[in-house]
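>>> no FASTA, just this:
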């Protein structure tokens, strides 16, 4: 695959007998690892615009987590208790002892958990509209009830597979505005949701994380422990993780910088790709 002159190569490695798809690009500079989010997502879906841009100056790695993209689902792999040690082994397999780690949403919480467990292995940390900063979600009780109602999540995925209207509505809410959704992006989402594995993986994650009245994982009280240079990128219109949590995280992480992308929702790298890429590269250039 080649995008904007930068070749992107798909390789497969193995973690505990599970074949893991990793997208690679670039052959010089520092090692950057990009972790995608949950739901209808994959490495290429979240990072399609960022990979070739960053590959001009960095070696970029973007894995598909189990059940997403080209990595098959295995029962019991949809939790932070699995993802963080999984990432430890994966980076060892890739020969990456120290990395610049960036994560979107669920991938942000994986990156945070990894950095807290492995401070000497993280050169820098980028949190994009990150899960793990809030102690609940909007309409928390309704969300909990939805997760706990048998068959409701799988039904909603099935409805999106059948309805472009519902797919458009969901995508617009992630991006932050209807004008940000393109036909090519919609086609990517349709391809992604056609695979039932992502629904299984994210359902496991939701079942594990969403507790009555609270979320299982909130790293806010541990953010002062982060040792890596940190950039927080957040969409001003994010309704899933409101901006106030990013502001508080930037206050608690020593030396952290916060960049707010005006008008972007929960998916700023796709809503404002050019602005997002420039902010990210400026941060990496500042590390020296």
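Nice, thanks for sending it over. Worth saying up front: this structure is predicted, and the values here are computed from it rather than measured.

>>> To which secondary structure element is residue 32 assigned?
Per DSSP states H and E: residue 32 is located in strand 31-35.

>>> can you list contacts of the next helix or strand after that strand?
Next helix or strand after strand 31-35 toward the C-terminus (DSSP H and E): helix 43-47. Identification of contacts with helix 43-47 by CB atoms under 8 Å, 6 or more residues apart in numbering yields 21-23, 34, 36-37, 51, 62-64, 68-69, 104, 107, 188-189, 192, 267, 269-270. Backbone N, C-alpha and C define where each C-beta goes, glycine included.

>>> Among the residues you listed, which ones are in helices?
Among the contacts of helix 43-47, the ones falling in helices (DSSP state H) are 51, 107, 188-189, 192, 269-270.

>>> Just among those residues, which is most surrounded?
In terms of neighbour count, residue 107 stands highest of the ones in helices among the contacts of helix 43-47 at 31 neighbours, by other CB atoms under 10 Å.

>>> correct me, but that one touches residue 35?
Yes: between residue 107 and residue 35 there is a contact at 3.3 Å, judged by CB atoms under 8 Å.

>>> so what strands line up beside the strand holding residue 32?
strand 59-63 (parallel), strand 99-104 (parallel) (DSSP bridges).

>>> I'd like the ones you listed written out as a markdown table, with distance to residue 274 added.
Below are the strands paired with strand 31-35 laid out as a markdown table (distance: least, CB to CB, whole Å):
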| stretch | distance to residue 274 |
| --- | --- |
| strand 59-63 | 17 |
| strand 99-104 | 17 |
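
>>> Show me where this structure has its strands.
Applying DSSP state E to the chain gives strands spanning 2-3, 6-7, 9-15, 18-25, 31-35, 59-63, 99-104, 122-128, 210-211, 214-215, 229-235, 257-261.

>>> Mean pLDDT lowest where, among those?
For the strands of the chain, mean pLDDT drops lowest on strand 2-3, to a mean of 50.

>>> what about the stretch 101-250 of the chain, any weak spots by pLDDT?
Along the stretch 101-250 of the chain, segments meeting pLDDT under 70 span 139-173, 177-179.

>>> switch to 80 and redo it
Applying pLDDT under 80 to the stretch 101-250 of the chain flags residues 138-183, 185-187, 189-198.

>>> can you give me the helices for it?
Along the stretch 101-250 of the chain, counting by DSSP state H, counting those that start in this stretch, helices occupy 106-117, 140-148, 152-162, 164-175, 183-193, 197-209, 243-252.

>>> which helices and strands sit right next to the last one?
Meaning helix 243-252. strand 229-235, strand 257-261 (3 or more CB pairs under 8 Å, 6 or more residues apart in numbering; DSSP states H and E).

>>> Return the angle between stretch directions for the first one and helix 243-252.
Orientation of strand 229-235 against helix 243-252 (axes from the mean of the first three to the mean of the last three CA atoms, to 10 degrees) gives an angle of 170 degrees.
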